[in-house]
Each structure stands twice: as structure tokens, then as C-alpha cells.
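[1] pasting a predicted model and its sequence here:
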Amino acid sequence: MTRRRPAARRRTRRPSKRRQQNDAQLIALAVVATAVIGLVVMVVNWLLDHWWVLLPALVLAVLAGVAWLSHRRQQARWEAVRAQGLRYGLSQLDAVHHAKFEEVIRDLMRRDGCRDAQRVGGGGDLGADVKATDPLGRRWVIQCKHRRDGARGSAVGTPDLQVLNGTARQVHGADVAVIVTNGRVTAPALAFAKQQRLHVVDRQTLALWASGSRPLWELLRAVPPPRRPTSLS
């Protein structure tokens, strides 16, 4: 008779090193979570027994909140007063640096109620120096052309408007594309602007806008109709 060989014992696989590490991390997290929960429970119970300790902290928090709100309101009042009184003459605009000129245009848009107006001019600005959203929801993209010699400086020509026309709507999403200058604008440039529905703020319009109190959209013709009211309205 043939003898049967004893059945081979199955080898038990040991947990892999990664699994052991994961198990150790889970255990550590459980211990930490238990300790944190226990600490929170202890603090809450202590505060319930000593609730009067919270009164000074609550009073201080209320006073700090009132002071912060008062500061914000005062700052808003001063900002409104400053914006209402913001005026510039042409001689002032001629004298500023071109970067300062962009800041002036931004501030005038803020004066008109465009609270998000920002200067974005600089290298790689793609034809946009100032962006803003007016109180009626329209998106403004403005290109600034400052001339140090004012009306005696070089005139803004069609190539300048072609840059604005190529990027204002397609790249920046403009509803209103504007070029602003304290100098002159050539007749072909004005014709191109009318054809492409671009708006030109020349020296005369700029003087009226900067020295007065009317918003820019009241001084321009054929401005697009308002969008739906936004948070800036």
C-alpha cells in the first residue's frame, strides 16, 4: 500500500509593511481624536460650572465689534466725502506721470460709483489700463493715453484703437470699451471708433468729466443699455 503524504501546512501571510503603517496611523489618529474630544468635554463642563468667566470675554468681544463697525462707517463717510470732492483740471492732468494718470482715471470711475475700479495697466496689460463695473452692471475696459505736452503732444491714432478693439471685448469681456487721452485724436481714429462701437474720451470730454460731477456714461453717446442689477448697484 502507498502511504499518503501529510497535507502541507498553509503558510499564513504576514501583513505588509504598508498595511502595518496604515494601521498604526489609524490607531494614532483614534487616540488623538479621543484625547481631543475628552479635552473639549472637560473644557465645556468647566465652563458650564464657571459660566461667569465668559461674561468679561463677551463684553470685550461686543466692544471690539462696535469699535470695528464704527471705524468702518467713519472710513466709508470720509471716502464718500473725498470721492464727491474729487476734481481735476487739465493742467493737473497734463503734469502727472502716465502711471499716475491711470490712477486718476481709476479714482474718477470710483467717484462715479464703480466700487471695483482697479488699475491694471503695465507690461502685458493687453490694452487695458483700468477696469470697472458701473452701478448698472456694465463692464468698462479703459485704455489710457497720456501726453505730457497735452494738446501739443502726438495725437492718438487708429493703431491705438485697433489694440483696444482687439482685446477689450474678446479678452477682457468689456461691455464698454473706452480710450481716454489728455491729448488729440486723429479724424481716422474717430471714424474707426464709431465704426467699431468704441468710445473716445478726448481732451474736451476729459476736462468736462474730471472737473465736474457727472458720471462718464452720461457724457458719452450710444453707451450700451444697463445689465441686470448687481451687488455693485
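    Structure's in. What do you need?

[2] helix or strand with the lowest mean pLDDT in this protein?
    Here the helix or strand of the chain ranked lowest by mean pLDDT, DSSP states H and E is helix 54-84, holding a mean of 72.

[3] elements contacting the longest helix along the chain?
    Ranked by residue count, the top helix of the chain under DSSP state H comes out as helix 17-49. Applying 3 or more CB pairs under 8 Å, 6 or more residues apart in numbering; DSSP states H and E, one finds that helix 17-49 makes contact with no other helix or strand. No exception for glycine: its C-beta is placed from N, CA and C like everyone else's.

[4] centre of the chain to it, how far?
    Distance of helix 17-49 from the chain centroid (CA atoms, centre = their mean, to the nearest Å) equals 42 Å.

[5] and it, what's buried?
    By neighbour count with 16 or more other CB atoms under 10 Å, helix 17-49 contains no buried residues.

[6] quick one: mean pLDDT for it?
    Rounded to a whole number, the mean pLDDT of helix 17-49 is 86.

[7] please, where are all the helices along the chain?
    Using DSSP H, the helices of the chain run over residues 17-49, 54-84, 90-95, 98-111, 158-167, 187-195, 203-211.

[8] a markdown table for these, including distance to His146?
    Below are the helices of the chain laid out as a markdown table (distance: least, CB to CB, whole Å):
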| stretch | distance to His146 |
| --- | --- |
| helix 17-49 | 60 |
| helix 54-84 | 22 |
| helix 90-95 | 8 |
| helix 98-111 | 4 |
| helix 158-167 | 12 |
| helix 187-195 | 16 |
| helix 203-211 | 10 |
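
[9] what's the most buried one of those?
    helix 98-111 (a mean of 20; mean count of other CB atoms under 10 Å).

[10] which elements pack onto that one?
    On a contact count with 3+ CB pairs under 8 Å, 6+ apart, helix 98-111 meets helix 54-84, strand 118-119, strand 130-133, strand 139-145, helix 203-211.

[11] redo those as JSON lines? Include distance to Arg19.
    Converted to JSON lines, the helices and strands packed on helix 98-111 look like this (distance: least, CB to CB, whole Å):
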{"stretch": "helix 54-84", "distance to Arg19": "47"}
{"stretch": "strand 118-119", "distance to Arg19": "54"}
{"stretch": "strand 130-133", "distance to Arg19": "55"}
{"stretch": "strand 139-145", "distance to Arg19": "56"}
{"stretch": "helix 203-211", "distance to Arg19": "72"}
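
[12] between those, which gets nearest to Pro225?
    Of all these, strand 139-145 sits nearest to Pro225, with 13.2 Å by CB to CB.

[13] residues touching Arg214, list them.
    Leu208 (CB atoms under 8 Å, 6 or more residues apart in numbering).
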